[in-house]
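> pasted the sequence and its predicted model underneath.
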Amino acid sequence: MSAAIILAAGLGTRMRSALPKAMHPVAGRPMINHLVSACEQVFD
């Protein structure tokens with residue numbers, strides 16, 4: 001059995017945004033979604 005722990009934190013205050021950092025869009029999707037997609041390819 002394998003597992004992944006994703007640590008995503010940050011309020012985005014230095015980015016002057018109401019969104020948390022992990023929710024900022026990169027290439028049209030929130031950053032956290034890119035990470036979860038990468039983990040899904042490796043872990044069940």
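Happy to help now that I have it.

> going by C-alpha atoms from here, please, whenever you check contacts or count neighbours.
Will do.

> phi first, then psi, for the most centrally placed residue in the chain.
Most central in the chain under C-alpha atoms, centre = their mean is I32, positioned 1.6 Å from the mean C-alpha point. The phi and psi values for I32, taken as degrees, to the nearest 10, are phi -60, psi -30.

> ok, it - contacts?
A8, A22, M23 (C-alpha atoms under 8 Å, 6 or more residues apart in numbering).

> swap in 7 Å and give it another go.
By C-alpha atoms under 7 Å, 6 or more residues apart in numbering, the contact list for I32 reads A22, M23.

> separation between it and M1?
When C-alpha to C-alpha, to the nearest Å is applied, the distance between I32 and M1 equals 23 Å.

> before we move on, what about P20?
In this view, P20 and M1 are 31 Å apart by C-alpha to C-alpha.

> rewinding a little: what does the pLDDT read for the residue nearest to the centre of the chain?
What the model reports for I32 is a pLDDT of 94.
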